[in-house]
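**Student:** show me the folded form of this:
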Amino acid sequence: MEKANPAAGKNTGFFRARWRGEAPLDRLFWRDMLLVGTAISITSSALALVLLGSKLPLWLVLAVHFLPVPYNIFLTIAVWRTAEKAGGFKA
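**Tutor:** Model prediction:
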């Protein structure tokens, strides 16, 4: 049986807080997913184009281009879980 930790919500790691639905839905969706996620994806795509222009191997270019996909999937699931937990109009 686990003991409840009163500081669990305050000092929880970035990924754990989002997975558990402890991060506010507004911040998770607008800042984490749309702003940061989009910036990471654009940066990754731009870097992949630079690597492609540098005639580096295609596998490396594709790896850099698709590198943010697991992070984006994680954020999508986290938003979904948090919205489900929040319910009501916000969800």
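**Student:** so where do the helices sit in this protein?
**Tutor:** Remark: helices assigned in the chain by DSSP state H are 14-19, 25-26, 38-53, 58-66, 69-86.
**Student:** would you mind pulling up the elements that the second one packs against?
**Tutor:** In this structure, helix 25-26 packs against helix 69-86, with contacts taken as 3 or more C-beta pairs under 8 Å, 6 or more residues apart in numbering; DSSP states H and E. Where C-beta positions appear, they are placed from N, C-alpha and C, glycine not excepted.
**Student:** hmm, who's touching the helix it packs on?
**Tutor:** 15, 18-19, 21, 23, 25, 28-29, 32-33, 37, 40-41, 90-91 (C-beta atoms under 8 Å, 6 or more residues apart in numbering).
**Student:** picking up where we left off before, tabulate the helices of the chain (CSV), appending mean neighbour count.
**Tutor:** Listed next are these as CSV, based on neighbours: other C-beta atoms under 10 Å:
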stretch, mean neighbour count
helix 14-19, 15
helix 25-26, 14
helix 38-53, 14
helix 58-66, 14
helix 69-86, 15
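**Student:** got CSV for those, with mean pLDDT too?
**Tutor:** Listed next are these as CSV, based on pLDDT from 0 to 100:
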stretch, mean pLDDT
helix 14-19, 91
helix 25-26, 91
helix 38-53, 97
helix 58-66, 97
helix 69-86, 92
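**Student:** which non-adjacent residue is nearest the most centrally placed residue in the chain?
**Tutor:** Nearest to the geometric centre of the chain sits Leu75, at 3.6 Å (C-alpha atoms, centre = their mean). Sequence neighbours aside, Met33 is the residue nearest to Leu75 in space, at 4.6 Å (criterion: C-beta to C-beta, 6 or more residues apart in numbering).
**Student:** can you count the residues close to the one you found?
**Tutor:** Number of residues near Met33 (other C-beta atoms under 10 Å) recorded here: 19.
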